[in-house]
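Return a 3D structure for these sequence lines:
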Amino acid sequence: MAGQRNHSPPLLTRYEGNLQELPGGDSLIGWGQQPFFTLFDSRGRTVLDGRFVGTTSSYRVYAKKIPLKDGDYTMDHTALIYLMDRDGKFVAPFNLKRTPEEAAADLKRYL
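I've put the predicted structure just below:
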C-alpha cells in the first residue's frame, strides 16, 4: 500500500495496529489499542467504520470470505485472545471454547 489512511475523528493509538490489503486495492485497518476498525476503498475513502463493544481493543482485525456451495459466501467470524507477557510480547493464543475450569488451569501455567 502506498499512501496514508487516517481515522476521522483522529485516534491516538500507540501500539498493536494492523493493515490488511484486500482485493481491488481496498484496505482494512485495526486501530490497535483503540476499539475501532475501518475499511477504506482503493481511493482512501472510508467505506465502513466499526467499533467493538465495551473496552475491547482491536489488536488485529482481518476479513476472510468463505465461499458456499451455491456461489454465495459468508465471512469468517473468528475471535482470538492473545496472551502477552509483561513486555507486550506474544506468549500464546488463548482458547475460550472450553469450561472455565479448563481455562483457569491453562492460565495458571503462565503466571
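
OK, contacts around the residue lying farthest from the centre of the chain?
Distance to the chain centre peaks in the chain at Asp70, reaching 28.6 Å (criterion: CA atoms, centre = their mean). With contacts taken as CB atoms under 8 Å, 6 or more residues apart in numbering, Asp70 has no neighbouring residues. Heads up, the C-betas are built off the backbone N, CA and C, glycines and all.

Would you confirm that Gln33 contacts Leu11?
No. Taking contacts as CB atoms under 8 Å, Gln33 lies outside contact range of Leu11: 9.3 Å.

got the phi/psi numbers for the residue nearest the centre of the chain?
What sits nearest the mean C-alpha location of the chain, by CA atoms, centre = their mean, is Val61, with 2.0 Å. Val61 adopts backbone torsions of phi -130, psi 150, taken as degrees, to the nearest 10.

In this protein, what residue spans correspond to helices?
In the chain, the helices defined using DSSP state H lie at 100-108.

Where does pLDDT dip in it?
Residue ranges of the chain with pLDDT under 70: 1-3, 54-59, 79.

What is the neighbour count of Asp49?
By other CB atoms under 10 Å, the residues close to Asp49 number 13.

ditto for Phe40
22.

Please tell me how far the residue nearest to it when sequence neighbours are not counted sits from Tyr110.
Leaving aside its chain neighbours, Phe40 sits nearest to Ser27 (4.9 Å; criterion: CB to CB, 6 or more residues apart in numbering). The spacing between Ser27 and Tyr110, counted by CB to CB, to the nearest Å, is 34 Å.
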